[in-house]
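[1] Sequence and predicted model, in that order:
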Amino acid sequence: MVAPTRPIDLTALRELAALLRRRRVVVLTGAGCSTESGIPDYRGSDGRLRHRGPIRYGEFVRRPEARVCYWARSAVGWPRMSATRPNPAHRALAELEAGGVVPGVITQNVDGLHQAAGSRNVVELHGSLAFVCCLACGHRVRRDDFQAMLLERNDGWLDRLRGAEAVSTRPDGDAGLPDWAARSFRVPGCQRCDGVMKPDVVLFGENVPGPRVDDAWRLFDRGDVLLVVGSSLAVYSGRRFIYRATERGLPIAVVNLGPTRADDVATAKVGDRAGRVLPRLARALLA
């Protein structure tokens, strides 16, 4: 028997709308904004990691076997990742931008769903899984094209993998595989220089590029209030905006299912799924 969905907290929603009304709302989004599109997140609603941690930058760069393992898992996970579509939360944010309420979105997500929903001003703090870049020469190719190269180099590999009981879906296009699958996988190098190809995203342990941080701060400066959507703010790359807002006395609002590192400084919070809250919020603010 499926448990009934609890009613949304209308009092908290009205308080949130009152805080945001007639203000320019800069939005910071995390994985919880995309879970309703079918993309798993690393942390549960309690903020704890519930999946094996993602590959770290130093490991990817130093260990060829780690890169092979990453790309083998990604070859399985990418088709599902690339097939995901925006959910009501993404569409509501695009509507709020079109309506002049939201000047833009700063996102920690790498799935491109904000743009797919129609958002125009998006700063992707952690990059985009839709591209792959060479660590040696910087050559950049579309992930779909690199997928074709991976499958061509590993002809028949996916057929052998189909039906393997150890395959599982993980966040950000990752997948769990049986041990033999990675051992037999081959990864092509850069088409220009044969260098190491890396997803064009900020891996754990890697710094967000300075120019991208600058873009995020410029967008942040256009806001009268900061709205955090779907992020526990466990990592500094997102939490830095909470610190700056607090320093400036900028109001902070939160929409997240579970606790966040901003709960003690937030003026308003709705503890619910983004896909339930944001469409109602958009209707209230655009009325």
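    That came in fine, so what should we check first? Numbers count the residues shown, from 1 in each chain.
[2] can we go C-alpha only for contacts and neighbour counts from here?
    Noted.
[3] contacting residues around stretch 238-247?
    28, 108, 220, 226, 233, 251-252, 261-262, 265 (C-alpha atoms under 8 Å, 6 or more residues apart in numbering).
[4] which one of the residues you listed has the most neighbours?
    For the contacts of stretch 238-247, neighbours were counted using other C-alpha atoms under 10 Å, and residue 28 has the most, 29 neighbours in all.
[5] quick one: contacts for the spatially most central residue of the chain?
    The chain has residue 109 as the residue nearest its centroid, 1.6 Å off, counting by C-alpha atoms, centre = their mean. Taking C-alpha under 8 Å, 6+ apart, we find residue 109 in contact with 29-31, 124-128.
[6] try 7 Å this time
    Neighbouring residues of residue 109 by C-alpha atoms under 7 Å, 6 or more residues apart in numbering: 30-31, 124, 126.
[7] And for residue 90, the neighbour number?
    Residues within reach of residue 90, counting by other C-alpha under 10 Å, total 26.
[8] and residue 14, how many neighbours?
    Using other C-alpha under 10 Å, residue 14 is surrounded by 16 other residues.
[9] Am I right that it is in a helix?
    Yes: under DSSP: H, G, I helix; E, B strand; the rest coil, residue 14 falls within a helix.
[10] What are the buried residues along the helix ranked longest in the chain?
    For the chain, the helix that runs over the most residues, judged by DSSP state H, is helix 64-82. Of the residues in helix 64-82, 66-78, 81-82 count as buried by neighbour count, 16 or more other C-alpha atoms under 10 Å.
[11] cool, stretch 226-245 as well?
    Using 16+ other C-alpha under 10 Å as the test for burial, stretch 226-245 gives 226-233, 238-239, 241-242, 245.
[12] thinking again about what came up before, let's have the contacts of residue 109 in CSV, adding secondary structure.
    Output for the contacts of residue 109, formatted as CSV (three-state DSSP):
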residue, secondary structure
30, coil
31, helix
124, strand
126, coil
